[in-house]
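[1] coordinates for the following, if possible.
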Amino acid sequence: MMAEYLLFATERYALPILQPLAQALQAGGHGVHAWFVDGASGASLPAPVRRIDDARAAVALKPRAVFSAANWVPPFVSGAKVQLFHGFNVEKRDAARGHFRVRGLFDLYCTQGPATTAPFRELAAQAGHFAVVETGWPKLDPLFGEADPLARQLRDAAGGRPVVLFASTFTERLSAAPHLFDAIAAEVARGDRYWLLTLHPKCAPEWFDRYRALAGDNARFVETEQLVSAQRAADVLVADTTSVVSEFVVQRKPVVTFRNRAPKPHMLDFDDPARLPEMLDHAFSPPPALLAALDAYAEAIHPWRDGRSSQRVIAATDALLAGELGPLRRKPWGALLRRLQIRRELGYWGPAGG
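    Reported below is the predicted structural model:
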């Protein structure tokens, strides 16, 4: 029997997270709907995913589960509330405010790897109102799945040259985009390597304009929705404290980071833009110790390399709904205020879905 599922997002960068899951649900013969609000408003996923336009329609759908790639989820919609995460834990904030903050809204956390599974299981044991299953991250399924035509197109455009991907966070105090522009522009002009350039959707428009202007024979600007293909195509990443660093490392490829907030042994971190050429040379000739560190970190954050994390998310959700993950306590009263805030933000004061 076909079941209906709802995908929920608040930012454009959630689309590559949800698309592999949508495909897996559709392959299972289920109906898939998407409700995008705030920064994701106006975005869409390819058919046959159907769009939900407002809260009333989401409630009327009565989905079996709601999969969220945001920090929150509409609690008044029926179905299991499943947290997929919008990125890896890159230590931008204190743990209590960042990746490991529990908001009392989700029934199931689908974690990416041991580094996040263990802390969330400890939190689940304390709170008792949600379950935790390590599934891997749907966004990375295409990194290890079937052939990627766009990734091949990007490699072909390089004409046999090494490929460097540049990505930057939008957080102003952590962003490399302003500091590395001149150094990257010089590298692009030199032309011995091919550059793929992308920015977080929340970066200032002026930086989008400047980086887009570098596109030509030696560089291409890629949109957020193309990021996974760009990661698959690139040999080396240049970045800052963006979670793209962790996504890229899962492939066991070298990363060069500019003033990373919490540099690790698998990163080639530097703080002087003039050193970019030197750091790139190191990345393209990685020593054994660096390769070992890359492998160890990848195993900790996302050991799954079969391209089937979406299927594991669906299986974990089925197990939750079947009661196989154990009984859950009621959500904490402390989350009541947040639930009311969500209703106000989404303009819905009707009854909750059954």
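
[2] can you pull the contacts of Arg275?
    Neighbour list for Arg275: empty [criterion: C-beta atoms under 8 Å, 6 or more residues apart in numbering]. No exception for glycine: its C-beta is placed from N, CA and C like everyone else's.

[3] that's a helix at it, yeah?
    Yes. Under DSSP: H, G, I helix; E, B strand; the rest coil, Arg275 falls within a helix.

[4] would you map the helices across the stretch 151-300 of the chain?
    Ranges of helices within the stretch 151-300 of the chain are 177-190, 205-212, 227-233, 244-249, 276-284, 288-301, based on DSSP state H, counting those that start in this stretch.

[5] out of these, which gets nearest to Ala125?
    Closest to Ala125 of those is helix 288-301 (C-beta to C-beta; 20.8 Å).

[6] pLDDT (mean, whole number) over the closest one?
    Mean pLDDT, helix 288-301: 97.

[7] mind checking how far that helix is from the chain centre?
    Its chain's C-alpha centre and that of helix 288-301 lie 20 Å apart, by C-alpha atoms, centre = their mean, to the nearest Å.

[8] can I get that helix as PDB, trimmed to CA atoms?
    C-alpha atoms of helix 288-301 as PDB (Å, rounded to 0.1, in the frame of the first residue of the first chain):
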ATOM      1  CA  PRO A 288      51.200   9.200   4.100                       C
ATOM      2  CA  ALA A 289      50.400  10.700   7.500                       C
ATOM      3  CA  LEU A 290      47.900  13.100   6.000                       C
ATOM      4  CA  LEU A 291      46.200  10.300   4.000                       C
ATOM      5  CA  ALA A 292      46.000   8.200   7.200                       C
ATOM      6  CA  ALA A 293      44.400  11.100   9.100                       C
ATOM      7  CA  LEU A 294      41.900  11.600   6.200                       C
ATOM      8  CA  ASP A 295      40.900   8.000   6.400                       C
ATOM      9  CA  ALA A 296      40.500   8.000  10.200                       C
ATOM     10  CA  TYR A 297      38.400  11.100  10.200                       C
ATOM     11  CA  ALA A 298      36.200   9.800   7.400                       C
ATOM     12  CA  GLU A 299      35.600   6.500   9.300                       C
ATOM     13  CA  ALA A 300      34.500   8.500  12.400                       C
ATOM     14  CA  ILE A 301      32.100  10.900  10.700                       C
END
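
[9] picking that back up, deepest-packed of the helices of the stretch 151-300 of the chain, please.
    helix 244-249 (a mean of 26; mean count of other C-beta atoms under 10 Å).

[10] what packs against that helix?
    helix 227-233, strand 236-239, strand 255-258, helix 288-301 (3 or more C-beta pairs under 8 Å, 6 or more residues apart in numbering; DSSP states H and E).

[11] which residues are in contact with the second one?
    Outside strand 236-239, the residues that touch it by C-beta under 8 Å, 6+ apart are 162-169, 176, 180, 184, 231, 244-245, 248, 253-258, 276, 279-280, 283-284.
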